[in-house]
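[1] Sequence and predicted structure, then a few things I'm wondering about:
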Amino acid sequence: MSLSNGTLNVRVARIEAVTPEIKRFTLVATDGAHLPPFSGGSNVVVLIPHENGTYRNAYSLMSSPYDSSAYQIAVRRVEEGRGGSLRMHEAVNEGDVLEILRPVNLFPLSKHARLHLFIAGGVGITPVCSQLAELRLRGTPFEVHLAVRGAEHARLGEELVREYGDAVRLYRNDLDQRLDISVVVAARPLGSHLYVCGPESMIQDAIDSAHAQGWTDSHIHYERFLEQGSVGEAFSVTLARSGATIEVSPDQSLLEAAEAAGHSIPYLCRGGACGECETRVLELDGEIVHTDDWLSDEDKAANTKIMPCVSRAKCSRLVIDC
Amino acid sequence: MLITGIKSRPVYDQLRPLPGGIRHLVAGQGSGGRAMLRLLDEMPEQGMQTTLLYSQESFSGLDFLAELQQRQVAELRVYPSNQELVADLERILGNARMGTRLYLSGSESFIGTAMQVATHYDMNSDEVLREHAGSFVRRIWCVHCDSYTENVTQRVFQCPGCNAMLVVRDHYSRRLAAFQAVKADAEVPGELPEAEELDT
Ligand code: FES
């Protein structure tokens, strides 16, 4: 396999449109070797070059973790985003070589669960695909409840129904089939785990429904599906250790701006969820616009920490400890 | 040889109502009944969602059954031994639903064996609380014959399973819910370490 400065070079072996908005990319190592193994729920960061830099977008791996000959990712086209997914849809062709990072898993299966319940909406089904492949080998029971808009959006779900039968239930919005999460989580055996991947409203509904049935947080897992990175007003930031001052443009995150200027900040999810990029704020004249899911409300109010992968600032001066 | 503050020994909680539960199982043994009563006082609204499990087996001879019988709860189940309580708990958890909270109170041996069952059903620390009651007499697992001995208070003792003289190590295994003991005179037969009262 080709590993240059921590990234893997992969060739796009195949691109398929699976719904009007989602394309599935099959990636193989450029030298035909095996790719690094991963576990169900993992994602990879794809480096997407553009005019003045590189987007680093994380996409869920949806192929089987037991197949190391290829990775598959699904990319939803986000019109209102910064253009990372649009470039993947329009500028990348079969045969092209892409740079990706090694898989990381921020949405792993619970090892001791007695029943796994998956709730997904639209493209949120992608991390579930690799989890199911893993569960089939383990033999733990599971159910998938997948909501889609209409027939042409149901293809990934239909593939899963063919593969796993009754364990997968599709709810088509156009047929008025409503996914009632409070029914899905009701009266489940002890040791059940809930995994939710979809729009914000679906995640909130799932958390609220599970809490109402007495579920505790240790049994509830979710992954937000957002266009990565952050957009907003431009601001500048000083990195205390090097003394460098960096301009963050409206379509860049602080993390991306730092990387573009040759600085590295540790990260995993690039979506404000994992906590890896947490950085101390040393000086601030203005306010921080916190958009992460990591910091507590107290931390956010105190403005002493920032998550550079998603959060921005409205300020005349910001110095951070990196 | 005396070591206080054994790191592997679980740090116990104090029983208090766990938020969000829709069914409560409160299980205790012997002097653990006191903590059960205190917990019930703190959750007066939940009586009808609460099942009590009480074992009268006791090292100290304390029995709280009469007081527990006064409480308004969905059910009170009484057992002559801890083992029978834990076997019934296993059956109850097998049929239980998400939303169940479990409270344990009693000896280390009782809590440890009940936790083995709770862990098997994947109950986590936000669903289970454990309060220790009574003395820290130890439950011992003999590494040679795989037998368990309850209520050990001496550093050196004879294993009822294989008759070997054992020395009790200060390592608690949560998986076995017991302290390990190994042959005391393996190096020089007949030469035993000093007998001492355990840090119980
Ligand atoms: S990289 Fe995960 S929170 Fe920033």
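    Right, received. Where do you want to start?

[2] and B:Gln69, how far is that from B:Arg23?
    21 Å (C-beta to C-beta, to the nearest Å). C-beta here means a position set from N, CA and C on the backbone, and glycine is covered the same way.

[3] These two: which has the busier surroundings?
    Using other C-beta atoms under 10 Å in any protein chain shown as the criterion, B:Gln69 and B:Arg23 rank with B:Arg23 on top: 17 against 12.

[4] Quick check: that one touching A:Ala187?
    No - the pair B:Arg23 / A:Ala187 is not scored as a contact, 11.0 Å apart, by C-beta atoms under 8 Å.

[5] what do the two both touch?
    Residues touching both B:Arg23 and A:Ala187 by C-beta atoms under 8 Å, 6 or more residues apart in numbering or on different chains: B:Arg97.

[6] Return the residues in contact with the residue of chain A found nearest chain B.
    Chain A approaches chain B most closely through A:Gly214 (2.3 Å), counting by C-beta to the nearest C-beta. Counting by C-beta under 8 Å, 6+ apart, A:Gly214 touches B:20-23, B:98-101.

[7] Which pLDDT value belongs to it?
    pLDDT for A:Gly214: 98.

[8] what do you get for B:Met1?
    Listed pLDDT for B:Met1 reads 32.

[9] again, but for A:His263
    On pLDDT, A:His263 comes in at 92.

[10] So what pairs up with the closest residue to it other than its chain neighbours in the strands?
    Of all residues not flanking A:His263 in the chain, A:Leu239 sits nearest, at 6.0 Å (C-beta to C-beta, 6 or more residues apart in numbering or on different chains). Note on A:Leu239: beta-bridge partners by DSSP bridges are A:Ile320.

[11] anything in stretch B:36-49 near chain A?
    No - legend: contact between stretch B:36-49 and chain A by C-beta under 8 Å from any C-beta of the partner chain is lacking; minimum distance shown is 9.7 Å.

[12] Count the residues that sit near the residue of chain B found nearest chain A.
    Proximity to chain A, evaluated over chain B using C-beta to the nearest C-beta, is greatest for B:Gly99 at 2.3 Å. Neighbours of B:Gly99 under the rule other C-beta under 10 Å: 24.

[13] likewise the one 4 residues further on?
    Around B:Tyr103 sit 28 other residues, with neighbours defined as other C-beta under 10 Å.

[14] Show me the domain layout of the chain.
    Looking at chain A here, since you left the chain open. A:3-105, A:115-224, A:235-320 (automatic domain parsing).

[15] wait, I meant chain B there
    Using automatic domain parsing, the domain parsing of chain B gives B:23-132, B:138-183.

[16] any idea what sits nearest A:Leu115, other than its immediate chain neighbours?
    Nearest in space to A:Leu115, with sequence neighbours left out and distances taken as C-beta to C-beta, 6+ apart, is A:Ser192 at 4.3 Å.

[17] Ok, A:Ser85 next?
    Nearest to A:Ser85 is A:Val78, by C-beta to C-beta, 6+ apart, at 4.8 Å.

[18] I'd say the one you found and A:Leu86 touch.
    Yes - shown here, A:Val78 and A:Leu86 form a contact pair, counting by C-beta under 8 Å, at 7.3 Å.

[19] residues in contact with the residue nearest to A:His263?
    Here A:Leu239 is in contact with A:245-246, A:258, A:263, A:319-320, A:322 (criterion: C-beta under 8 Å, 6+ apart).

[20] Contact residues of the stretch 151-300 of chain A facing the ligand?
    Residues of the stretch 151-300 of chain A lying near the ligand by C-beta under 6 Å from any ligand atom: A:267-270, A:272-277, A:292, A:294.

[21] What strands line up against the lengthiest strand in chain B, and which way round?
    Taking DSSP state E as the criterion, chain B has its longest strand at strand B:165-173. Take DSSP bridges as the rule and strand B:165-173 pairs in its sheet with strand B:156-158 (antiparallel), strand B:178-183 (antiparallel).

[22] Do me a favour and average the pLDDT over the longest one.
    The one in question is strand B:178-183. 93.

[23] list the buried ones in that strand?
    If you call a residue buried by 16 or more other C-beta atoms under 10 Å in any protein chain shown, then strand B:178-183 has these buried ones: B:178-181, B:183.
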